[in-house]
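Asker: Quick check, what structure comes out for this input:
(chains A and B)
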Number of protein chains: 2
Amino acid sequence: MTLSEVANELVAGCRENRARANLKKLYAEDAVSVEAVDMGGMGRETHGLAGIDGKHQWWDDNHSVAGGKVDGPYLHGEDRFAVVFSVQGTTKADGKAFDMTEVGVYHVANGKIVREEFFYAT
Amino acid sequence: MTLSEVANELVAGCRENRARANLKKLYAEDAVSVEAVDMGGMGRETHGLAGIDGKHQWWDDNHSVAGGKVDGPYLHGEDRFAVVFSVQGTTKADGKAFDMTEVGVYHVANGKIVREEFFYAT
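Answerer: Residues are numbered from 1 along each chain as shown, chains lettered A, B, ... in the order given. Okay, the predicted model is just below:
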């Protein structure tokens, strides 16, 4: 897949609630996911598809999503694209509402996402 | 200035129409500005503050801006932040309307922006 095909399919997957199903299709086995800050004391980086799938599981387990928007993709050169996510909902543990925006920057090599980096207000 | 101070001042400058005046304050002398694609046959990269100021001049000379929005900053680790720009207006040469969104990713070292990278639909 070209950069543009990978980027469009990632965005489509996020919009159609199949982001997790898309991991195997779009990500390299040894892809790295990097948070803006170390949130859980586990460091900022998660290595490998299983770990990235685990991040999705953690998100699904802990958040009720009420709405959101996925803007992009925005391309940069031959090997990167950005997506802007906004999402509203509540955290399951305490029912607290959140309304957050984050930017994801994706690095593509050999037709697969090899690195994703998340930017947000910290 | 810290990463967060640089990021907030860049965003404030864009909102208050003093982005260009902010170049000397926020950017390293040898900063690099990178477009998503080579638009004018000059390559994607512009090196140095004078060249980056020239990009602002080119933008001002060729575009009438009617409105826009600057969202962020969104931080990533110790040395990067992203800003989401949307801008509406017309190109002066032909009066054609545009409505574009782009993501800027900024790299900071020693309290100055050393690299900016623009992501957009290409």
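Asker: Could you use CA atoms for every contact and neighbour count after this?
Answerer: Noted.
Asker: in chain A, which spans are strands?
Answerer: Applying DSSP state E to chain A gives strands spanning A:27-34, A:45-47, A:63-76, A:80-91, A:97-109, A:112-120.
Asker: Would you mind finding the most buried of the ones you listed?
Answerer: strand A:112-120 (a mean of 23; mean count of other CA atoms under 10 Å in any protein chain shown).
Asker: Check which helices and strands that one is in contact with.
Answerer: Judged by 3 or more CA pairs under 8 Å, 6 or more residues apart in numbering or on different chains; DSSP states H and E, strand A:112-120 is in contact with strand A:27-34, strand A:97-109, strand B:63-76.
Asker: could the strands of chain A go into CSV alongside mean pLDDT and distance to B:Arg15?
Answerer: CSV is the format used below for those (pLDDT from 0 to 100; distance: least, CA to CA, whole Å):
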stretch, mean pLDDT, distance to B:Arg15
strand A:27-34, 98, 29
strand A:45-47, 96, 33
strand A:63-76, 97, 21
strand A:80-91, 98, 20
strand A:97-109, 98, 19
strand A:112-120, 98, 19
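Asker: Can you check which of those gets nearest to B:Arg20?
Answerer: Minimum separation from B:Arg20 across the strands of chain A (CA to CA) falls at strand A:63-76, 23.1 Å.
Asker: Residues of chain A that sit close to chain B?
Answerer: Counting by CA under 8 Å from any CA of the partner chain, chain A comes close to chain B at A:35-37, A:72-77, A:81-82, A:102-103, A:117-122.
Asker: can you pull the contacts of the spatially most central residue of chain A?
Answerer: Nearest residue to the geometric centre of chain A (CA atoms, centre = their mean): A:Gly104, 6.3 Å. Counting by CA atoms under 8 Å, 6 or more residues apart in numbering or on different chains, A:Gly104 touches A:Ala82, A:Val83, A:Val84, A:Phe85, A:Glu116, A:Glu117, A:Phe118, A:Phe119.
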